[in-house]
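*Asks:* Provide a 3D model corresponding to the input given below.
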Amino acid sequence: MPRQYYLRFVAMPPHVCRGPTDGALQCAFELAKKAGVDKDDRRTLEDMLGWFSKELPAPDRFSRSRSKGHYRRYTKGVCWFKPSATEAIRQMRGIAELLSRYGYAVEERRTTRPGFVVYEDEQQLVAEPFSETPQ
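*Replies:* Here you go, the predicted structure:
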């Protein structure tokens, strides 16, 4: 039986050749605030982001640490969709398409080993990645 895979969307802003990628949702929130975005695209983007705010629980943990002040420290937690989160994945593909129109390089990444799971719900999980986990 094949292992369950998890899905993540990452994006790199325009004019960045190499470097770290951000989650596509983070880039979408940034694009929604930028000048020069077509008003219909902005409305579509805001609708999609609103769907996530309403339908996807916000993780309450991004770190394995439980020490005092852990919530203020830089964390390495990475968000992954479960394959059963079909509507969330559909919405993310719409966001990815819109980001691409504005020059963002968007990738869909999959893994069967997301890392040390620190948060999980029915649609997603947050994990501190193993060294071989794509981020």
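*Asks:* what secondary structure does residue 84 sit in?
*Replies:* Using DSSP: H, G, I helix; E, B strand; the rest coil as the criterion, the local structure at residue 84 reads coil.
*Asks:* does it really touch residue 125, like I thought?
*Replies:* No - the criterion here is Cβ atoms under 8 Å, and residue 84 misses it with residue 125 at 11.7 Å. C-beta coordinates here come from the backbone N, C-alpha and C atoms, glycine included.
*Asks:* between these two, which one's more packed in?
*Replies:* A direct count of neighbours by other Cβ atoms under 10 Å for residue 84 and residue 125 places residue 125 higher, at 19 against 10.
*Asks:* can you pull out the helices in the chain?
*Replies:* Under the criterion DSSP state H, the chain carries helices at the ranges 24-33, 39-55, 86-101.
*Asks:* which one of those has the most crowded surroundings?
*Replies:* Comparing the helices of the chain by mean neighbour count (mean count of other Cβ atoms under 10 Å), helix 24-33 ranks first with a mean of 18.
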